[in-house]
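Q: Give me a model of this one.
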Amino acid sequence: MAESRGVALLTVDIDRRGYGRRYTMLPVDERSDEGFVIECRGARLGPERYDVRVGDLVRWRADAGHVRGVVRRVIRQDARLQVVLADTAPLPADGFYV
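A: Reported below is the predicted structural model:
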């Protein structure tokens, strides 16, 4: 997890099959094994400006290592982007993840 002034930032990396990395350390407001949320109220970017699609691979650092999930649903509503994940699982500890 990245830290700024002692506050842990929640971030995710997003990869697209056949394309490559879409986002590295994308800040999110909420994150769990079920998905993540980006609140866009007061931000310069609205939810429609984030290029997240069904099938994208999402990875993040958890307490004990890395976790991976697959985007199953993207909900853009008002000033909120909600991404629902499926097939969430820890990645092997001996793997190399950039």
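
Q: Every contact and neighbour count from this point should use C-alpha atoms.
A: Noted.

Q: In the lengthiest strand in the chain, which of the residues would be classed as buried?
A: When the chain is scanned for its longest strand (criterion: DSSP state E), the result is strand 65-77. Along strand 65-77, the positions that meet the burial threshold by neighbour count (16 or more other C-alpha atoms under 10 Å) are 66-74, 76.

Q: what mean pLDDT does it have?
A: The average pLDDT within strand 65-77 is 96.

Q: which outside residues touch that strand?
A: For strand 65-77, the surrounding residues in contact (C-alpha atoms under 8 Å, 6 or more residues apart in numbering) are 33, 47-48, 52-61, 81-93.

Q: In strands only, show me these.
A: When DSSP E is applied, those are split such that 57-61, 81-90 fall in strands.

Q: ChimeraX command to pick out the buried ones of those?
A: Buried residues among the ones in strands among the contacts of strand 65-77 (16+ other C-alpha under 10 Å), as a ChimeraX selection:
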select :57,58,59,60,61,81,82,83,84,85,86,88,90
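
Q: farthest-separated two in the ones in strands among the contacts of strand 65-77?
A: The span of these, defined through C-alpha to C-alpha, is set by Leu81 and Pro90 at 24.0 Å.

Q: In the chain, which residue is most central in space?
A: For the chain, Val12 is the residue whose C-alpha lies nearest the centre (C-alpha atoms, centre = their mean; 3.5 Å).

Q: surely that residue meets Ser32?
A: No. Under the criterion of C-alpha atoms under 8 Å, Val12 lies out of contact with Ser32, with a separation of 10.7 Å.

Q: picking that back up, closest one of the ones in strands among the contacts of strand 65-77 to Arg17?
A: Leu57 (7.7 Å).

Q: For that closest one, list the residues it contacts.
A: So Leu57 contacts 14-17, 68-71 (C-alpha under 8 Å, 6+ apart).

Q: how about a cut-off of 6 Å?
A: By C-alpha atoms under 6 Å, 6 or more residues apart in numbering, the contact set of Leu57 is 14-15, 69-70.

Q: Excluding sequence neighbours, find me the nearest residue to Val83.
A: Once flanking residues are discounted, Val83 sits nearest to Val74: 4.7 Å by C-alpha to C-alpha, 6 or more residues apart in numbering.
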